Structure formats: C-alpha cells, structure tokens
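J.: Could you work out the structure for the sequence below:
(one chain, ligands or ions: 1)
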Amino acid sequence: MQHPENNEEYKGLTVNSGVEQPAIVNPYLQRGRFARHRLTVDDYVQGILKGNVTMLGQAVTLVESTNPQHQQLAQEVIEKCLPYSGKSVRIGISGVPGAGKSTSIDEFGVHVLERTGGKLAVLAIDPSSEKTKGSILGDKTRMEKLSVHPDSFIRPSPSAGSLGGVARKTRETIILCEAAGFDKIFVETVGVGQSETACHSMVDFFLLIQLAGTGDELQGIKRGIMEMADGIVINKCDGDNVEPCQLAARQFRNALHLFPAPESGWLPKVLCYSGFYGLGIKEVWDMIFEYVDFVKGNGYFEHRRAEQAKYWMYESINEQLRNGFYNNETIAALLPRAERAVLDGQQTSFIAAKHLLDTYFGLLK
Ligand code: GDP
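T.: Now for the predicted structure:
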C-alpha cells in the first residue's frame, strides 16, 4: 500500500512543512474536548496518514484513555493504521535518572534529523509516573531543541496504569506515529527495573546510557539489563571525566566478553560521548546504523520484530484477563472478604485465589 506521504495529493500537508495544520477534517475539534468523541475512526485515520500531528496527538490521547468508548475507538484507529506502520527504526534509550537521557535525546535527535531527514517521535515508558501521577520522561521541556523542531513529536509517558498497560499504550502509539510517517522512534525509559524489559520488547536497538566515575560502574547495573543492550554509551565524557569514562568503557567491554554471544550475532559496542557538549554523537549513530544494516542483512531485524509481536499478543491476553477479572463487579465485591480470610489465616492464598477464579470463570459461562 502506498503511504500517503508518497502521494502528490498529500505533499505539503505533512508535519515536514513545519506548519501546524488547520484543524482538520472536522469542525467539532475546535470546540474542545467534548467534541473529540464525534470524530470518526476515518477522521482520525485520514488525519494521521496525512501526517497531521494535532490529530496524531488526539489519537494518542484516545489510546491513553481509560474510557471504554475511547479504547474501542482507539483500537479501530490502530487497526486501520497498522498496514502503514512498521517502516521505522525504533530505538530504546535507557539510563538512571541523571544519566543524561533528555540532554542526549535532544542531541541524538537533532543529529539524526540533520543527517537523514525524516521525522522523529520521542515516546516514553515511565513506571514511576504511576505513583506520582505525573510523567517526567519524554517531557517536552527537557528537550529544548527537539521541542521546537518541526519534524519531531514528543509525547510523555502515559501517567496511569500498570507497567504492562503503560507499555502497551506506548507500543500502540508507535504504530500511530509510524502511520503518520515518523521513521525514527525513540522510546525513553528509566534504568531502574522492569521497564527496560518492556522497552526492549518494542525496539530494534536498545541503547544503555551509563556514567563513569563511581569506581564500581559494573556493580550497580544488573546483568540482565546489560545483556539486553545492543550498545552501551558512557555519557559525560568531557573535562576531567574523560579518563574515568574511558576506564569505565574498558570495564564494560571486558564484562560483555563474558556474556554468551547474542542471538543477533552482533557484538554490543561500548562508546564514550558527551551529550552536553555534543561530542561523539556521530559515532553513536554510526554504531546504530551499522547495527541496523547488520541485522537487516542477516534476517534478525525481522525475526526480532516477529518475536516481539508474539510477545505482545501474550501480554495483551494477560492484560485483558487481568482487567476482566478485577473489573468484574462480583469479583470486586468478593475480594475484600477473600483478602481478610487470608490475612486472618482462615484460608490459604492459593485456595482463596482458586475460589475467586472459579467464581469468575463460572460467571462467564
Ligand atoms: P536524565 O535524568 O537522564 O534525563 O538526565 P538529564 O539529561 O536531565 O541530565 C542530568 C544532568 O546531567 C543535567 O544537569 C545535565 O546538564 C547534565 N549532563 C547531561 N549530559 C551531560 C554531559 O554530557 N556532560 C556533562 N558534564 N553533564 C551532562
């Protein structure tokens, strides 16, 4: 299928023109949030395929909504966008708070847009936002240059839901962004736990940002996270920190040698750079492009995407089963009693769970 961006009729209507599009397709849009519901699936899809970022943003809001009607609409929009998706390079970027993710993403983003053209979307998975109800990652204000760049779209992490739910929404947002012609997608995540696994499961290249200078670089980082990395980059390699960074890089290289060879056949690289001073950014991108060529050549690129699609099918099943169960009114009414019985030692957790599940599946019959 031809992407509308390649169609003469649509030329000049995309975000590439640098001009915010007039509000589009449906006059209801201008009348505030209420009217948004009245947009049809096709309104959204057409807007997205034309590269209209306002419409894209509104469709993402639908994806993030907990309202069942919005969710239904979102699913239909996603399904129609699916044939136009997939044609991007998806890059996961992870690092602990303070590692320099936002500074680096700004530099990486501007560099790649200058180098290759196209459009960049910056999305995020932020498990902490569930507690704070405010997402920090992907915040526009953290990325000064990209936030005013006409070819970028920045979207903070959805701020509600379980990690699984938040990750699914980010994955669905990737599909919408790709359908809107974004050919480079960054998925930012905090390097503190399970969010890396979720991020890794939706990207083609997983970049781990590390810092030097603590003397025990390798101790604070979990082996599993290092094994996920396709590239490790040591940030803040500037001023007095150059030597410690180079030392850290050597330590990481040595440690990587001890791991089994990755399925991709690609040996992860370790590079030093400075996001703040814009040093070594080109080399980081050279590495990413080299990786993409390599895995497209040996078939791993497609294989990884297929495996990810399979993984997400199971994740969706799990999520829907869980939601169906916990949102069921009968179950919701029974849960406090079951909890009490377990706390009082009247029932084992296993038996209590079994009763509840039997009740739930009995209700479905
Ligand atoms: P994030 O929490 O991972 O997004 O980190 P930030 O991008 O907000 O950076 C945290 C702090 O490190 C800020 O004060 C940045 O100015 C600083 N920083 C980021 N990159 C560099 C760098 O390359 N060199 C130096 N010296 N400082 C940096």
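
J.: Can you report how many residues lie near the closest residue to the ligand within the stretch 151-300 of the chain?
T.: Closest contact between the stretch 151-300 of the chain and the ligand, by CB to the nearest ligand atom, is at Phe276 (3.2 Å). All C-beta atoms are positioned from the backbone trio N, CA, C, and that covers glycine. Using other CB atoms under 10 Å, Phe276 has 16 other residues around it.

J.: tell me the phi and psi of the closest residue to it other than its chain neighbours?
T.: Leaving aside its chain neighbours, Phe276 sits nearest to Thr103 (5.6 Å; criterion: CB to CB, 6 or more residues apart in numbering). Note on Thr103: backbone dihedrals following degrees, to the nearest 10 are phi -60, psi -40.

J.: ok, now how distant is Tyr84 from the ligand?
T.: Tyr84 is 31 Å from the ligand, where distance means CB to the nearest ligand atom, to the nearest Å.

J.: Look up phi and psi at that residue.
T.: Backbone torsions of Tyr84, given as degrees, to the nearest 10, read phi -100, psi 0.

J.: pretty sure it is touching Leu49, no?
T.: Yes - look at Tyr84 against Leu49 with CB atoms under 8 Å: they come within range, at 6.3 Å.

J.: circling back to that earlier point, tally of neighbours for the residue nearest to Phe276?
T.: Neighbours of Thr103 (other CB under 10 Å): 20.

J.: hang on, isn't it packed against Tyr277?
T.: No - look at Thr103 against Tyr277 with CB under 8 Å: they stay out of range, at 9.9 Å.

J.: what are the ranges of the helices in the protein?
T.: Here the chain has its helices, by DSSP state H, at 41-49, 53-64, 68-81, 101-116, 129-132, 144-147, 163-179, 195-200, 223-228, 242-257, 281-298, 300-326, 329-343, 349-364.

J.: pLDDT (mean, whole number) over the first one?
T.: Across helix 41-49, the average pLDDT comes to 96.

J.: surely Trp106 meets Thr141?
T.: Not Trp; residue 106 is Asp. No - the criterion here is CB under 8 Å, and Asp106 misses it with Thr141 at 11.2 Å.

J.: of those two, who's got more company?
T.: Neighbour count, other CB under 10 Å: between Asp106 and Thr141, Asp106 has more, with 23 against 9.

J.: Can you tell me, leaving aside adjacent residues, what's nearest to that one?
T.: Nearest-residue entry for Asp106: Met143, 4.4 Å, with adjacent residues in sequence omitted and distances by CB to CB, 6+ apart.

J.: Now do the contacts for the one you found.
T.: Residues near Met143 by CB atoms under 8 Å, 6 or more residues apart in numbering: Ser102, Ile105, Asp106, Gly109, Val122, Ile154.

J.: okay, and the helix or strand of the chain with the least pLDDT?
T.: helix 129-132 (a mean of 56; mean pLDDT, DSSP states H and E).

J.: Tell me, what's the model's pLDDT at Asp216?
T.: If you check Asp216, the pLDDT there is 52.

J.: repeat for the one 5 residues further on
T.: At Ile221, the pLDDT value in this model is 64.

J.: likewise Arg168?
T.: Each residue has a pLDDT score; the one for Arg168 is 88.
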